[in-house]
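>>> Predicted model and sequence below, questions to follow.
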Amino acid sequence: MLELKQVTKLFFPGTIDEKIALIDVNLHLREGDFVTIIGSNGAGKSTLMNIISGSLRPETGSVKIKGIEVQNLPEHKRSRWIGRVFQDPMAGTAPEMTIEENLAIAYARGKRRGLSLGVNRAKRNFFREQLALLGIGLEDRLRAKVGQLSGGERQALSLLMATFTKPQVLLLDEHTAALDPNRAELITRMTETLVRELGLTTLMVTHNMEQAIRLGNRLIMMDQGRIILDYSEEEKKDLTIDRLLAEFEKISGHKLADDKLVFG
Ligand SMILES: Nc1ncnc2c1ncn2[C@@H]1O[C@H](COP(=O)(O)OP(=O)(O)OP(=O)(O)O)[C@@H](O)[C@H]1O
C-alpha cells in the first residue's frame, strides 16, 4: 500500500548548513497497517510525514502509494490519496466557514473534478450521520462557524475530514499533543474507532510511549534520520516502556532525548 525505498532528505544540500533529515529510509506498509512512530527530537518523524504527503521531495529514493510512484507529484495531486491531521487544531480547517462547508470541501477532495462544493440535503444528511459518529454533538451544529469550536472539537472535525473519504494513507502528526489529557484521550479513542472501522492504512507520530505501544499493529522508532527499531504486532504485545527505552539506548548508543516525551 505504501512503500518508501532508500529515501534520503537533506536540507540546504551542498552548503555549510547542510542537514541530513532522513538517510536511506525503507518502509513498507500493508493495507490496513496502523503504525505508531516514536523517536528523539529531530529524528526525522515530521520530515517522513512531509515526504509521504508531498510537502517535501526527497533527494533520492522512491515513494509509492498503491504501486504508483508519487515522489515527484506535488502535494495537491496526492491529496486525494492522503488524509492528514496535524498537531495544531487550527490547521486543516477553515475558521470562517461553517462545519458543513468545511466538510463539503473535504468531501470534494479525491472526487472527480468539478464536484460541487455546495451542500444539498443528501450531503447534509450524510455529514450529520458522520458527525454523530464522533459522539460530541457536532451533528446539531452544522451551520456553526468552525472558528467557534473548542480545540478538541476542532481536532475531532479535522480527524473526520481526514478520514471520511477513506484515504489510502492516513497521516497523524502528533495530533493529540496540543490537547488536554481528557480531550487527547477522546481524540485517541475516535482515532482507534475510525481507523478500525474504515480499515485505514495509518502512520501516527506520537510522543506518548504508552499510546505508541498500545495502539496499532506495529511500532517504529526513529533516531537521527533512520528507522532503528521496528516491532511487529506480536513483538509489541509484551513490550514495556522500560524495555523500549533500554533497546533504544543499546542500538543508538545514547538516551532517548525527547522534550515532549509522555510516558502514559
Ligand atoms: N525546513 C527545515 N530546514 C532545515 N532543517 C530542517 C527543516 N525541517 C527539519 N529540519 C531538520 O531536519 C531534522 C529532522 O527534523 P524533523 O522535524 O523531521 O524531526 P522530528 O523527528 O519531527 O522532531 P521533533 O520530534 O523534535 O518534532 C532536524 O535536525 C531538523 O532540525
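Alright, I've got the coordinates. Every value quoted in this text rests on a predicted model; they were computed, and no experiment measured them.
>>> Name the surrounding residues that touch the helix-or-strand element of the chain with minimal mean pLDDT.
Lowest on mean pLDDT, DSSP states H and E among the helices and strands of the chain sits helix 75-78, with a mean of 82. For helix 75-78, contacts defined as C-beta atoms under 8 Å, 6 or more residues apart in numbering pick out 53-55, 65, 70. (C-beta placed from N, C-alpha, C; glycine too.)
>>> Could you work out the end-to-end span of stretch 188-207 for me?
Stretch 188-207 has its terminal residues 13 Å apart, counting by C-alpha to C-alpha, to the nearest Å.
>>> swap that for stretch 68-81, please
Using C-alpha to C-alpha, the two ends of stretch 68-81 sit 11 Å apart.
>>> Which positions within that stretch qualify as buried?
Residues of stretch 68-81 classed as buried: 70-71, 73, 78-79, 81 (neighbour count, 16 or more other C-beta atoms under 10 Å).
>>> distance between that stretch and the chain's centre?
Put simply, stretch 68-81 sits 16 Å off its chain's centre (C-alpha atoms, centre = their mean, to the nearest Å).
>>> Residue 205 touches residue 50, doesn't it?
No - between residue 205 and residue 50 there is no contact under C-beta atoms under 8 Å: 11.2 Å.
>>> now the helices: where do they sit in the protein?
45-53, 75-78, 99-108, 121-134, 151-163, 181-198, 209-214, 233-237, 241-252 (DSSP state H).
>>> Could you identify the most distant pair in the buried residues of stretch 68-81?
71 and 79 (15.1 Å; C-beta to C-beta).
>>> Make sure residue 239 is actually in contact with residue 229.
No - in this structure residue 239 lies outside contact range of residue 229 using C-beta under 8 Å: 10.1 Å.
>>> Among those two, which residue is more densely surrounded?
Applying other C-beta atoms under 10 Å to residue 239 and residue 229 shows that residue 229 carries more neighbours, namely 19 against 16.
>>> For the stretch 51-200 of the chain, give the residue positioned nearest to the ligand.
Going by C-beta to the nearest ligand atom, the ligand is nearest to residue 174 of the stretch 51-200 of the chain, at 7.6 Å.
>>> actually the stretch 101-250 of the chain, not the one I typed
The stretch 101-250 of the chain approaches the ligand most closely through residue 222 (6.3 Å), counting by C-beta to the nearest ligand atom.
>>> Please list all residues in contact with that residue.
Contact analysis of residue 222 by C-beta under 8 Å, 6+ apart lists 37-40, 43-45, 48, 228.
>>> Lowest pLDDT pick from the buried residues of stretch 68-81?
Across these, the bottom pLDDT score, 81, is held by residue 79.
>>> excluding its backbone neighbours, what's nearest that residue?
Once flanking residues are discounted, residue 79 sits nearest to residue 109: 5.8 Å by C-beta to C-beta, 6 or more residues apart in numbering.
>>> Over to residue 229?
Spatial nearest neighbour of residue 229, excluding adjacent residues (C-beta to C-beta, 6+ apart): residue 221 at 3.9 Å.
>>> was I right about the one you found contacting residue 227?
Yes - counting by C-beta under 8 Å, residue 221 does reach residue 227; the two are 7.3 Å apart.
>>> the more surrounded of the two?
residue 221 (25 against 21).
>>> For the more buried one, give the beta-bridge partners.
Assessed by DSSP bridges, residue 221 has beta-bridge partners residue 38, residue 229.
>>> Quick one: residues contacting it.
37-39, 227-230, 244, 248.
>>> which among those are in contact with the ligand?
The residues of those that also fall near the ligand, by C-beta under 6 Å from any ligand atom, are residue 39.
>>> sorry, back to before: just curious, which of the buried residues of stretch 68-81 is nearest to residue 22?
Using C-beta to C-beta, residue 71 is the member of the buried residues of stretch 68-81 that lies nearest residue 22, at 12.3 Å.
>>> Is it correct that that closest one is in contact with residue 61?
Yes - the criterion here is C-beta under 8 Å, and residue 71 meets it with residue 61 at 7.1 Å.
>>> can you tell me how far residue 158 sits from residue 228?
Distance, residue 158 to residue 228, by C-beta to C-beta, to the nearest Å: 30 Å.
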